[in-house]
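J.: Dropping a prediction and its sequence here:
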Amino acid sequence: MLQSPWSRIGMRNLGRNPKRTILTALGLAIGFFTSVVMVGWTQGLMNEMVDNATGLVGGQIEIHDAEFRPERSLYDTIGGRDGIDVDQVLAQVSDDDRIIAVAPRVYAGGLLSSGDSTVAGMLMGVDPEREVALSRFLDDLTAGRLPQPGRNELVVGTEMARQLESDIGDELVLVASGADGSMGNDLFTLVGTYRTGLVEIDSAFAVLPLEDLQALVVLDESRIHEIAVSTQDPWLAEEVAAAIAATLEGEALGTEVVPWSELNPAIVEYTALVDVFYYVIIVIVFGLAIFGVANTMLMATYERRREFAVMLAIGATPGGVVKSVLYEAAAMGLFSLALGVAITWPVMVWWHNAPPDLTGLVGDIEMMGSVVSLTMQVEYDMGFTTMVAVALMLTSLGSALYPAFRASRVPPADTLSGL
Amino acid sequence: MTPDDMRRDVRTENLWKIYQQASEEVQAVRDVTLTIQPGEFTALAGPSGSGKTTLLNLIGGLTRPTRGQVRVADHELSKLPNHVLARLRLNQIGFVFQAYNLLPVLTARENAEFPMLLQGVSAEERTRRVDELFARTGMEGLEDRRPGKLSGGQQQRVAVVRAVASKPALVLADEPTANLDSASSDALLDLMDELNRDLGVTFVFATHDERVMERSRRLIRMVDGRIDSDVIRVG
């Protein structure tokens, strides 16, 4: 027998009413499952949201002229005769192992016309090969192919194509202000359409080769507006941006390196809010569970009043009785935790690796300027899972405090005489 | 507690226990003054409601007197705080109950060892004492059974072993034979008599079992909370 009899009594008491023990443990285990899966799913959605917000079009880091934001003026460029060597910067930045892709971009506001239809849009000049490696919106065109340099080709979003009543092969007139004050215009052939699911992108962005846009807006070919950078993990962006800024310091005066968290602070605030929401989940789930477990513990200890009276009569202190109930609660907590892990782990692995797709039910959801597809994609979070495990144990122990106190206050004489 | 303390007698002086039941006052024990010498084998007899169990509970420190004093091993129980009272019960008093009251999740051996564990007796010593007492009580081979797998007589024998294994000065037994058949009752009384004679343990019974009264060497009869007669018999 153990030196302390309380642990043995506590643990064995769990086996006295197996149905009740299993039901109570299931309550806690389902609380564990609910918390871990809900947070895992929310994190999956958040990751997708951040990933889409940064990876769909923008990139996780932007390097541009310090004056470029927020007006995004045609004239605030990097490169040129007196500026940085764009090719050298692209090569330098690409050296970092945490960086997946780097791509130069040129932007210009303009009008696109086809027949009687005209829409205002953002003309985006890209290096198609680099852009495909960096962003995702051109990965799977809904129709056609990517534009090729020097052939006056472009792709537009499906919504813009609809508004222009244009199809692949149609010619579009592009009009844009030139950097020299002139008004540039030219005829371009629509060779492809893309769809992100975000109307504000699908209706606004026309993508054409970098040099074609530079020619349209009379911008020197060594001048660009932005170098977009994608990192392996969006949450590395700040760290990588700081490293890039340090690398460029001294040789790229007047440029700024901005991580997505600075460009889109609403998402950062939203993720911080969601982090707080995780604690709310724990409090609600285990706050509800504590009453159920406390009720069960109270019933269980009430049924054993006579045993507590015997313990107290033969020399146990009230503290000893409290210990026996708390050991029982701890054993209940550990059993519930094991049950919870047994239920949760396979589901987490399944939903992480092959998440059920619910997009058929509600389609894609736009959130915080990003598009989120409704799948049950869950992410593992060992830190949070540990926190839930601790919350489960504390719930089990917390729910036993009052029953333990009551048990320790059982009057031996009255209880043993059946009063 | 010194060994000398353990040998001291049990005294009650002008002891009263009054319960309040609804608006009615119940005088369960009325002005009882009594001395029980070390090594006595005493029966408190009387009809139901005569106050014998309440007196036993007062002597055992399970309930506090309304008035008067109880002294056990030179300690005035009514003045002791709960934790000291618990310690005193652990070291000085053993209990045997009518309904056996073994802890159902512990085996016979673990039940018997329970008070010694609380006392901090070494595992070796616990095993030695329980083995010896189980051998004396015919419980050999049943050490690992839980109470649910033992007969009433066997459970009461484990309860007696539990009561005496921690070497108390006093064992209080409340109707120990009430739930036993006559053969089991006789065997249990033989056992307690033997432990009383061999180990010098003081036994006080609350009983209305004639066999217990016959075997006792002092018979105190109670009526309506008072001592009606107190007879010491030579045996």
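T.: Alright, I've got the coordinates.
J.: low-scoring stretches of chain A, by residue?
T.: By pLDDT under 70, the low-scoring segments of chain A are A:1-3, A:81-82, A:250-253, A:362-373, A:418-419.
J.: Now it against chain B: closest residue?
T.: With CB to the nearest CB, the shortest gap between chain A and chain B falls at residue A:315, namely 2.6 Å. No exception for glycine: its C-beta is placed from N, CA and C like everyone else's.
J.: So residue A:133 is in contact with residue A:90, correct?
T.: No - if you go by CB atoms under 8 Å, residue A:133 and residue A:90 don't touch, sitting 12.0 Å apart.
J.: So which residues of chain B form helices?
T.: B:3-7, B:52-59, B:82-92, B:108-119, B:123-136, B:152-165, B:182-199, B:210-215 (DSSP state H).
J.: outside of the last one, which residues touch it?
T.: Read that as helix B:210-215. The contact list for helix B:210-215 (CB atoms under 8 Å, 6 or more residues apart in numbering or on different chains) reads B:41, B:43, B:45, B:176-177, B:182, B:185-186, B:189, B:193, B:205, B:207, B:219.
J.: Averaged pLDDT, it. What do you get?
T.: The average pLDDT for helix B:210-215 rounds to 90.
J.: Flag every buried residue along that helix.
T.: Neighbour counts over helix B:210-215 (16 or more other CB atoms under 10 Å in any protein chain shown) mark B:212, B:213, B:215 as buried.
J.: Counting neighbours, go ahead and name the busier of residue A:133 and residue A:90.
T.: residue A:90 (18 against 14; other CB atoms under 10 Å in any protein chain shown).
J.: so the more buried one is in which element?
T.: Under the criterion of DSSP states H and E, residue A:90 resides in helix A:86-94.
J.: hang on, the earlier thing: now render the helices of chain B as a markdown table, adding distance to residue A:287.
T.: Output for the helices of chain B, formatted as a markdown table (distance: least, CB to CB, whole Å):
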| stretch | distance to residue A:287 |
| --- | --- |
| helix B:3-7 | 52 |
| helix B:52-59 | 42 |
| helix B:82-92 | 34 |
| helix B:108-119 | 37 |
| helix B:123-136 | 43 |
| helix B:152-165 | 43 |
| helix B:182-199 | 53 |
| helix B:210-215 | 56 |
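J.: So which of the ones you listed is nearest residue A:6?
T.: helix B:108-119 (9.5 Å; CB to CB).
J.: Let me see the contact set for residue A:282.
T.: Counting by CB under 8 Å, 6+ apart, residue A:282 has contacts A:35, A:387, A:388, A:391.
J.: Then residue B:106?
T.: A:5, A:8, A:9, A:12, B:114, B:146, B:147.
J.: any idea how far stretch A:355-363 is from the chain center?
T.: Remark: stretch A:355-363 is offset 18 Å from the chain centroid, using CA atoms, centre = their mean, to the nearest Å.
J.: Next, the contact list for the residue nearest to the spatial centre of chain B, please.
T.: Centroid check for chain B by CA atoms, centre = their mean gives residue B:172 as the closest residue, at 1.4 Å. Residue B:172 makes contact with B:56, B:59, B:60, B:93, B:94, B:95, B:96, B:204, B:206 under the criterion CB under 8 Å, 6+ apart.
J.: CA-only coordinates of stretch A:304-311, as CSV, when you get a sec.
T.: Output of stretch A:304-311 as CSV, limited to C-alpha atoms (Å, rounded to 0.1, in the frame of the first residue of the first chain):
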residue,chain,number,x,y,z
ARG,A,304,-19.9,8.2,1.1
ARG,A,305,-20.6,10.4,4.1
ARG,A,306,-20.5,7.3,6.3
GLU,A,307,-17.1,6.4,5.0
PHE,A,308,-15.8,9.9,5.7
ALA,A,309,-17.3,9.6,9.2
VAL,A,310,-15.5,6.4,9.7
MET,A,311,-12.2,7.9,8.5
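J.: what residues does chain B put near chain A?
T.: Chain B comes close to chain A at residues B:53-54, B:57, B:60, B:62-63, B:82-83, B:86-87, B:89-91, B:94-95, B:97, B:101, B:103-106, B:109-110, B:113-115, B:117-119, B:123, B:162-163, B:166, B:174, as judged by CB under 8 Å from any CB of the partner chain.
J.: Try it again at 7 Å.
T.: Residues of chain B lying close to chain A by CB under 7 Å from any CB of the partner chain are B:53, B:57, B:62-63, B:82-83, B:86, B:89-90, B:95, B:97, B:101, B:103, B:105-106, B:110, B:113-115, B:117-118.
J.: which helices and strands sit right next to the strand or helix carrying residue A:208?
T.: Assigned by DSSP H and E, residue A:208 belongs to strand A:205-209. Under the contact criterion of 3 or more CB pairs under 7 Å, 6 or more residues apart in numbering or on different chains; DSSP states H and E, strand A:205-209 touches strand A:117-126, strand A:153-157.
J.: Buried residues in the next helix-or-strand element following that strand, which are they?
T.: Following strand A:205-209 in sequence order, the next helix or strand is helix A:210-216 (DSSP H and E). Buried residues in helix A:210-216, defined by neighbour count with 16+ other CB under 10 Å: A:210, A:212, A:213, A:214, A:215, A:216.
J.: Grab the nearest non-local neighbour of the third one.
T.: Sequence neighbours aside, residue A:125 is the residue nearest to residue A:213 in space, at 3.1 Å (criterion: CB to CB, 6 or more residues apart in numbering or on different chains).
J.: That neighbour against residue A:215, yeah?
T.: No - in this structure, residue A:125 is not within contact of residue A:215 by CB atoms under 7 Å, at 9.5 Å.
J.: circling back: and the helices of chain B, which one averages the lowest pLDDT?
T.: Minimum mean pLDDT among the helices of chain B: helix B:3-7, a mean of 49.
J.: Tell me which residues are up against the helix holding residue A:90.
T.: A:78-79, A:99, A:102, A:104, A:222, A:224, A:227, A:229, A:244, A:247-248, A:252 (CB atoms under 7 Å, 6 or more residues apart in numbering or on different chains).
J.: quick revisit: now, which of the buried residues of helix A:210-216 sits nearest residue A:58?
T.: Nearest to residue A:58 out of the buried residues of helix A:210-216 is residue A:210 (CB to CB; 16.8 Å).
J.: which residues sit in contact with that closest one?
T.: Applying CB under 7 Å, 6+ apart, the residues near residue A:210 are A:104, A:106, A:125, A:126, A:127.
J.: ranking those by neighbours, who comes first?
T.: residue A:125 (27 neighbours).
J.: what does the stretch 301-419 of chain A put close to chain B?
T.: A:306-307, A:310, A:312-318, A:412-413, A:416-417.
J.: for these, which one is nearest residue A:57?
T.: residue A:318 (67.3 Å).
J.: ok, and the closest non-adjacent residue to the closest one?
T.: residue A:408 (3.6 Å).
J.: before we move on, what about residue A:67?
T.: Nearest non-adjacent residue to residue A:67 (CB to CB, 6+ apart): residue A:76, at 4.5 Å.
J.: Could I get the phi/psi values of that neighbour?
T.: Torsion angles at residue A:76 (phi, psi; degrees, to the nearest 10) stand at phi -90, psi 80.
J.: give the contact list for it.
T.: A:65, A:67, A:68 are the contacts of residue A:76 under CB under 7 Å, 6+ apart.
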